[in-house]
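Participant: this is the structure alone, sequence omitted:
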C-alpha cells in the first residue's frame, strides 16, 4: 500500500518539465553580428576603429535601404527579384534629371522615388489581381527594367551628378557616421515603425501566415499586397539614390546582382520565403553581417569571388538554420 506521503504526491497536479528558454531569432542574429565583429577585430584592428565601422554602414546603405522594403514583401509571403533593377533605375533617373545642375537635385530625388514606387505598384497590382507567381513576375520585371535602362543609357554611365549631392551624403556626424549611413538607419527605423505600430504591419504577418484564412476573415489582402510591393519599389528607388551618392556613377547595370545581396541579408535576418515571420530588426543585422564578412574577406586578402562564395553559403546556411529552429519550436 502507498504511504500518506506517496498519496499526497500523487494528488498534486503534474507539471510539464520546464523547457530551457530559447533566444529570440532577432536577438540571436545580433549576437552573431557581435561575435563576428569580435573575430574581425582580432584579425584586423581596422574593425576596432569607429571610422572604419562607419564606412561599413555607408557601404551597406544601398543594400540595407532596399532590404527594408523587401522584408515587408517577404513577411507577406512574396518576393521581389526586381529590386536590383529598381535600384539601378532610381540611380539612372536621378542622375539624368540632375544633369549636373544643383537646382535639379530636389526634382531628381522625387522622380527617382516615384519611378521606384511605380515599378513596385505595377508588381503589386499584377500579383494581387492576377494571382501570378511573385517569383516569375518580379524576375520578368527585372529583365524588362534592365532592358529599358540599357535603351535609355546605351549601356554606359548616364547623366551627371550635381555638385553638392554626394558631398552632403558623405558628411560624417561626429566625424564617424556618414549622413548616408544615418539615412540607412532612418529608413530602417521608419520601416520598423510600420511593421510594429501599424495595422498594415500586423496584416502582413496575418496574411503571410495563412493567406486563405486572411481572406475568409475579410482582411484586404489585395490592397495589402499592393501597398507592400509599392513600398518595396519606393525603397528600391531610395536605394538607387544611396548608390548614386556612394559611387557617383549611374548605369543600367549599376546594381546588377544586388537582388542576391538583398535576399541574402533578409533571409539571414530571419525573414523566410514562407512568410509570416521575421522582421526589419533582423534584416538590419543581416545586412551588417554580410558587409562585415565582405570587408573581412578583403582584409585577409581573399579575392572578390570569395564574396560570392560567402553570399551563397549565407543563404544556404541561414535557410537551413531557420528551418531547423522552426522544427524545434514545433516539437
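Facilitator: Sure thing, it's come through. It should be emphasised that the depicted structure is a prediction, and the values quoted were computed from it without experimental measurement.
Participant: CA only for contacts and neighbour counts going forward, please
Facilitator: Fine.
Participant: what about residue 75, distance to residue 142?
Facilitator: According to CA to CA, to the nearest Å, residue 75 and residue 142 sit 21 Å apart.
Participant: what ranges does the stretch 1-150 of the chain have for its helices?
Facilitator: Ranges of helices in the stretch 1-150 of the chain, per DSSP state H, counting those that start in this stretch, are 4-11, 25-43, 50-75, 83-98, 105-130, 134-153.
Participant: for residue 293, find the nearest of those.
Facilitator: Residue 293 sits nearest to helix 25-43 of all those, at 7.8 Å, using CA to CA.
Participant: rewinding a little: what about residue 75 and residue 142, which has more around it?
Facilitator: Taking other CA atoms under 10 Å, residue 75 and residue 142 do not tie; residue 75 has more neighbours (30 against 22).
Participant: so which helix or strand of this protein has the lowest pLDDT on average?
Facilitator: Sorted by mean pLDDT, DSSP states H and E, the helices and strands of the chain end with helix 4-11, the least confident at a mean of 46.
Participant: and for residue 107, nearest residue in space, chain neighbours not counted?
Facilitator: residue 97 (7.5 Å; CA to CA, 6 or more residues apart in numbering).
Participant: list the contacts of that neighbour.
Facilitator: Residue 97 is in contact with 104-105, 107-108, 159, counting by CA atoms under 8 Å, 6 or more residues apart in numbering.
Participant: farthest-separated two in the residues you listed?
Facilitator: Between all members of those, the farthest pair (by CA to CA) comes out as 107 and 159, at 14.2 Å.
Participant: can you give me the angle the helix or strand containing residue 228 makes with helix 105-130?
Facilitator: For residue 228, the host element (DSSP states H and E) is helix 221-247. Orientation of helix 221-247 against helix 105-130 (axes from the mean of the first three to the mean of the last three CA atoms, to 10 degrees) gives an angle of 150 degrees.
Participant: would you mind listing the buried residues in helix 221-247?
Facilitator: Across helix 221-247, burial judged by 16 or more other CA atoms under 10 Å covers 221-222, 224-246.
Participant: ok, now stretch 153-173?
Facilitator: Neighbour counts using 16+ other CA under 10 Å place 153, 157-162, 165-166, 169-170, 172 of stretch 153-173 among the buried residues.
Participant: grab the nearest non-local neighbour of residue 303.
Facilitator: Nearest to residue 303 is residue 297, by CA to CA, 6+ apart, at 7.6 Å.
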